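> what follows is a predicted structure for the sequence shown.
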Amino acid sequence: MTTYIAKRLLSIIPTMLGVAILVFFMLHMTPGDPARAIAGLEADAAQLEAIRESLGLHNPLHIQFRDFILGALRGDMGRSFRTRVVVTEEIFGRMPATIRLALAGMVLAVTFGVAAGVLAAKYHKHIFDNIVMVIAMFGVSMPGFWFGLMLIFFFAVNLGWLPTSGAGTWRHLILPSMALGIRAAAVLARLARSSMLEVMKKDFVRTARGKGLSESVVLYHHVLRNSLIPVVTIVGLQFGRLLAGTVIIEQVFSWPGLGSLLIRSLMARDLPMVQGIVLYMALAFVLVNLAVDLFYSVLDPRIRYS
Amino acid sequence: MSVFDSRRLSLLIAVVFALSLAVVACAPEEAVDDDPIDEPVEEEPQRGGRLVIGYAEEPNTLDAHLTAAASAYFVMSQISDPMVDRDPETADFIPALAEDWDISDDGLEITLYLRDDAEFHSGEPFTAEALKATWDRALDPETGTVHTDGVLGPMKELTAVDDYTLLIEMERPFGPLLHGFTMAGYTHAIDPVALEEHGEDYGRNPSSTGPYRFDDWVSGEYITLVRNEDYSWPPEYYENKGAPYPDEVEIRYITEDAPRLAALEAGELDIARVPPAEVDMFMDHPDFEIYSYMTEGVTMSVWFNQDREPLDDVLVRRALNLAIEKDPIIAAAEEGHAIEAHGPLPPNMWGYWEGVEDISYQYDPEEAGKLLDEAGWVLPEDEEYREKDGETLKLSLYIQPTDAWIATSEMLQAQYRDIGVKVEIESFEWGTLMEYLSEGRHDMNLMGYGYGDPDWLYHIFHSGEAGVGVNWAFIQDPEMDELVEAQRYTVDPDERMEYAAQAQELAVDQAYWAPIYIRKNYIAVHERVQDFDINYRGTWLLHDVWLSD
Amino acid sequence: MLDDQDRISEGESDQPVKRISLARQTVRRFFRNRGATLGLVILLLLIATAIFAPYLAPYDPFEVRPNRLEPPSSEHLLGTDRLGRDLLSMLIHGSRISLQVGLVAVGIAMIIGTMLGLLAGYLGGWVDNVIMRFMDILLAFPGLLLALVIIAVLGTGLFNVMIAIGIASIPTYTRLVRGDTLSVKENEYAVAAHAQGASALRIMIRHILPNVVAPIIVMATLGVAGAILASAGLSFIGLGPSPPSAEWGAILAQSRVYIRRAWWLLAFPGMAITITVLSINMVGDGLRDALDPQLKE
């Protein structure tokens, strides 16, 4: 197990290196000279050159890339072109808000999604099952940002019940995390249900029933545990989507996280900031997937890693 | 490579936009909604409390020399003081940190006499030496500042004659200089101690002489300022001669309109701007008083790239002016909360020439059609668009994707279609847009500005600014160059005014661009905020403000 | 948001589908599924709407009229926007854009992804390694993030949005096709063809591709739904087409300021997106169940 973890952790390195290479070269292909973007009003050719020098833009691309990678390894992603703040400081300042939002969305999605899916399977072919599945189908098909706008419309504008902006208290979290988590909840509900139904058909469940165990023991002890395995594998992927989903949801709710900063920086061609945010988001995603894989192995003892 | 540099542009334009919020003028007829439910009986102001202001845009930095954002200007104005101020009623220049000033006859030497009792937030005394250090920093090319050309002008040498006397020697006389000194957000003195201490991070830890001290900045959420207890040098037009009444000011950043207004209604904000679509709803709101003021600039206009055919033809440009019906555009883009613009400057700016109202183009699509016929662009039978030598009259219109610009561009497209001109709208985010405009890729573009001085004419019309500055219409007219240079390098106000008037007349006559409207801005102020006011140009007067329970 | 690999993973099939014998059964199974049938009917109606948009729309969608922000009425069934344009007509024309975005984006992803997957699976070795490591890198970008970076490079606009979503969805197809190719490769007819001296290209196209078509179709169908959602989101944050555009996400973006005054401007475009995506999802689910009978309970 330890070697497996070590192996997996090591495998992150080439992937993240690849991500860094890709992001760096793609962004440096974008039109526009960053030196111009920060040069002074009176800047002449010599000054522009001086700024390129100070930013390292003067150097050939491969040297710039080396500096970027070496810096990134030390946790130094340079300073933002737009705000002149140290990129990592700004990112760490904003990251908690995004993580809070993504986690809240995920908790909502897992709780309601899995519960709805399990109950739907339990009441398979009843009206309840149908209702849940229809709602889930809508949840999968609805744009999250639109759902967010509708939430603002009903709860905040018309009813005035909940705050719609800022990140102060848990009440601030409710609407944005609902908008963010709805789709993941729907996906998980559908998956949990079909997984439950599949497991219910398996021999060991019949055996358990045959032994005269009560239905709820069978359901929650035998079926649930085994059906959750595919659900867990999907959680990682869904978390990635939630993380990326914050980019749009944060805009809708003026949530002070990385997503809104990313859009702002993208619009201003603030390359160091965009690079930094994308790298950190990718890293978070990769780590969550790793954690899910490990959790998966705990859940399913049949899986052995060498 | 050309010397084009987008910073310069962004700088200018931003200056320009900054002012549209920070320095704005009151619409005389509409002024203030003077109908408070309970006219406050002279109550004794009480100290304490936190004034919460809702703002859409967050500043990029609070280093005065590195930003031209309106949002930054606003915050920096609260923590600093101007050298010179303007009387809120008469607009005359009045003393601020500079108690007096001399300008030599040739306009090349300006002497500022500073007051001797002001202090920086660090406790360091405010002196001529500190001011010199600040402006030297601005003038140093290494700093890469954005304000030298438009605000500080061609300064050559600064000398601290004694502790409280600063001598400024200019390369050339610079008409807009005193105006620049009124812009506290850009030309205030930077606290030398804070600059030394924070170095590259000064922009996140600004310090100056103003009524509030910078306290905290939580990125994406808010900036807080606390009362400067030692403050005793407010502008003379305030009742309050000492430190401000509220303990704290919080500026909370909420980008989206809907959440910001929800926060306002929920009582979480004391002051916030109300977007045009919501003005009517807040007008009758019992908890708020609505103030309105006019932008000191032309908020929306179409510029014609005269480097390209057929816009080099004055007939075509006049036709494109005549084809614009401004009222429906104002309705679509600003919900009717704007007035028609007639020339390149707004009526509330010093230097505005009223004559533009008589010579400006009135909506007349028939006349526009005739002019286009005359220019050789005729409408073939059964065609929607005009042609000349087998070529369709098709023009690109470059915009950035904000609500008002989108609505205006769509309306223009429809109105130009009526006279047989095909418009293709292309939208880009701001940085890219500026770059493309400077390269002259466009036929037409939308643009808006706010500025406090007719020197703006120089920036948009001077041939030297084409490709490097904001002369995105690529106007190359020696007569115009002469006029805008004359207004810029003349110190006598009456002479400047005369040159500016001639430049405005020429601009309208040559149809260099088509002005569309000047926006009215609205802010909602919660009833617990007492003694708030707005001056004649729309600057928020906060120093007398106190909060009732 | 970009793809639906989670849901497709339920339907991945290890066995090659015996096409001819199964085709009729598949169709029958599909139509026995009420949800899928309903989805198909809605989808066909939407496609018809898109094709005949100019004839169906009661007004010119971009014609500006003085009656701004009118609520739904008999004259304007879904009301008018801030320029007095008929919302229903805009939505009808918008269906063209959304379907087009979905098809083009998925087309890009499917063609490139399938080719890479075939190459990786069939050739194996270093080709496989290079391709799959690259896919790992692309997959390390969560959701829309890769598309955002691509748009940062290409610039905004509808076409760039399609390309960005397309590229970002490539890895799902590559993985799927590679997996299936690996299992099909060992089948007797592929081996036999190889023994007869058929070229690698020929084997891939004639013997392997037909066997992976079914899961690709399912994934592509669901992918169209995902691409429509993604493009609406990108348009909403201002990265979509230049105005005037009837793109549904763009209409929503411009309607935000009217959230208190003109609910119809927010409600209907969102419903249009939801219904479209919903119908495609239902068809996709139905296809998956029909093609893989084991899953059908």
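Alright, I've got the coordinates.

> next, the buried residues of the helix or strand B:Glu129 falls within.
Following DSSP states H and E, one finds B:Glu129 within helix B:128-139. Residues B:Ala128, B:Glu129, B:Ala130, B:Leu131, B:Lys132, B:Ala133, B:Thr134, B:Trp135, B:Arg137, B:Ala138, B:Leu139 are the ones in helix B:128-139 that count as buried (16 or more other C-beta atoms under 10 Å in any protein chain shown). (C-beta placed from N, C-alpha, C; glycine too.)

> can you name the next helix or strand after it?
Following helix B:128-139 toward the C-terminus (DSSP H and E): strand B:155-162.

> tell me how many other residues surround A:Lys201.
9 (other C-beta atoms under 10 Å in any protein chain shown).

> do you know the pLDDT at it?
Predicted confidence (pLDDT) for A:Lys201: 80.

> now it: how far from A:Asn59?
Distance from A:Lys201 to A:Asn59, counting by C-beta to C-beta, to the nearest Å: 63 Å.

> before we move on, what about B:Met434?
26 Å.

> the two: which has the busier surroundings?
Neighbours were counted for B:Met434 and for A:Asn59 using other C-beta under 10 Å; B:Met434 has more, 25 against 14.

> quick one: what helix or strand has the more buried one in it?
Short version, using DSSP H and E: B:Met434 is in helix B:430-439.

> tell me which residues in that helix are buried?
Quick answer for helix B:430-439 (16+ other C-beta under 10 Å): B:Trp430, B:Gly431, B:Thr432, B:Leu433, B:Met434, B:Glu435, B:Tyr436, B:Leu437, B:Ser438.

> swap in stretch B:327-344?
Within stretch B:327-344, judged by 16+ other C-beta under 10 Å, the buried ones are B:328-335, B:337-344.

> among the residues you listed, which ones are in helices?
Judged by DSSP state H, the buried residues of stretch B:327-344 include B:Pro328, B:Ile329, B:Ile330, B:Ala331, B:Ala332, B:Ala333, B:Glu334 as members of helices.

> and the residue nearest to the fourth one when sequence neighbours are not counted, its phi and psi?
Translated: B:Ala331. The spatially closest residue to B:Ala331, leaving aside those adjacent along the chain, is C:Arg68, at 6.4 Å (C-beta to C-beta, 6 or more residues apart in numbering or on different chains). In terms of degrees, to the nearest 10, the main-chain angles of C:Arg68 are phi -80, psi 150.

> hang on, isn't C:Arg68 packed against C:Asp81?
Yes - taking C-beta atoms under 8 Å as the definition, C:Arg68 is a contact partner of C:Asp81 at 7.5 Å.

> if you count surrounding residues, which of these two has more?
C:Asp81 (27 against 18).

> give the contact list for that one.
Contacts for C:Asp81 (C-beta atoms under 8 Å, 6 or more residues apart in numbering or on different chains) come out as C:Arg68, C:Leu69, C:Leu87, C:Met90, C:Ile251, C:Gln254, C:Ser255, C:Ala262, C:Leu265.

> and the closest residue to the second one other than its chain neighbours, how many neighbours?
Nearest non-adjacent residue to C:Leu69, counting by C-beta to C-beta, 6+ apart: C:Ala262, 5.0 Å away. Close neighbours of C:Ala262, defined as other C-beta under 10 Å, add up to 21.

> do the same with B:Glu99
13.

> can you lay out the ones in helices among the buried residues of stretch B:327-344 as JSON lines showing pLDDT?
As requested, those are exported to JSON lines (pLDDT from 0 to 100):
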{"residue": "B:Pro328", "pLDDT": "94"}
{"residue": "B:Ile329", "pLDDT": "96"}
{"residue": "B:Ile330", "pLDDT": "96"}
{"residue": "B:Ala331", "pLDDT": "93"}
{"residue": "B:Ala332", "pLDDT": "93"}
{"residue": "B:Ala333", "pLDDT": "93"}
{"residue": "B:Glu334", "pLDDT": "93"}
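
> which two in those are spaced the farthest apart?
B:Pro328 and B:Glu334 (11.3 Å; C-beta to C-beta).

> centre of the chain to the helix or strand encompassing C:Ala168, how far?
Take DSSP H and E as the rule and C:Ala168 turns out to sit in helix C:158-185. Mean-position distance between helix C:158-185 and its chain equals 12 Å (C-alpha atoms, centre = their mean, to the nearest Å).

> C:Ala272 versus A:Ile63, what's the distance?
A:Ile63 is 51 Å from C:Ala272, by C-beta to C-beta.

> same question for A:Val107.
31 Å.

> give me the more crowded residue out of these two.
Using other C-beta under 10 Å as the criterion, A:Val107 and C:Ala272 rank with C:Ala272 on top: 24 against 12.

> which residues touch that one?
Here C:Ala272 is in contact with C:Leu91, C:Gly94, C:Ser95, C:Ser98, C:Trp248 (criterion: C-beta under 8 Å, 6+ apart).

> quick one: contacts for B:Tyr398?
Per C-beta under 8 Å, 6+ apart, neighbours of B:Tyr398: B:Glu426, B:Ser427, B:Phe428, B:Leu433, B:Tyr436, B:Leu437, B:Arg441, B:His442, B:Met444, B:Asn445, B:Leu446.

> name the SS class of the first one, please.
Which is B:Glu426. Classification of B:Glu426 using DSSP: H, G, I helix; E, B strand; the rest coil returns strand.

> which one is the closest residue to chain B within the stretch 51-200 of chain C nearest to, not counting chain neighbours?
Per C-beta to the nearest C-beta, C:Val64 is where the stretch 51-200 of chain C lies closest to chain B, at 4.1 Å. Excluding the flanking residues, the one nearest C:Val64 by C-beta to C-beta, 6+ apart is B:Ala414, at 4.1 Å.

> isn't the one you found right up against C:Glu63?
Yes - using C-beta under 8 Å, B:Ala414 is in contact with C:Glu63, at 7.3 Å.

> who has more neighbours, the two?
Per other C-beta under 10 Å, whichever of B:Ala414 and C:Glu63 has more neighbours is B:Ala414, with 22 against 13.

> what's near enough to touch that one?
C:Phe62, C:Glu63, C:Val64, C:Leu83.

> and the buried ones among those, selectable in PyMOL?
The buried residues among the contacts of B:Ala414 can be selected in PyMOL (16+ other C-beta under 10 Å) with this line:
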select buried, chain C and resi 62+64+83
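
> would you turn the contacts of B:Ala414 into TSV with pLDDT and secondary structure?
Formatted as TSV, the contacts of B:Ala414 follow (pLDDT from 0 to 100; DSSP: H, G, I helix; E, B strand; the rest coil):
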residue	pLDDT	secondary structure
C:Phe62	90	coil
C:Glu63	89	coil
C:Val64	89	coil
C:Leu83	92	coil
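
> may I have the beta-bridge partners of B:Asp85?
B:Ile94 (DSSP bridges).

> can you get me a residue count around the residue lying closest to B:Gly469 once chain neighbours are set aside?
Closest residue to B:Gly469 apart from its sequence neighbours, by C-beta to C-beta, 6+ apart: B:His459 at 5.7 Å. By other C-beta under 10 Å, 22 other residues sit near B:His459.
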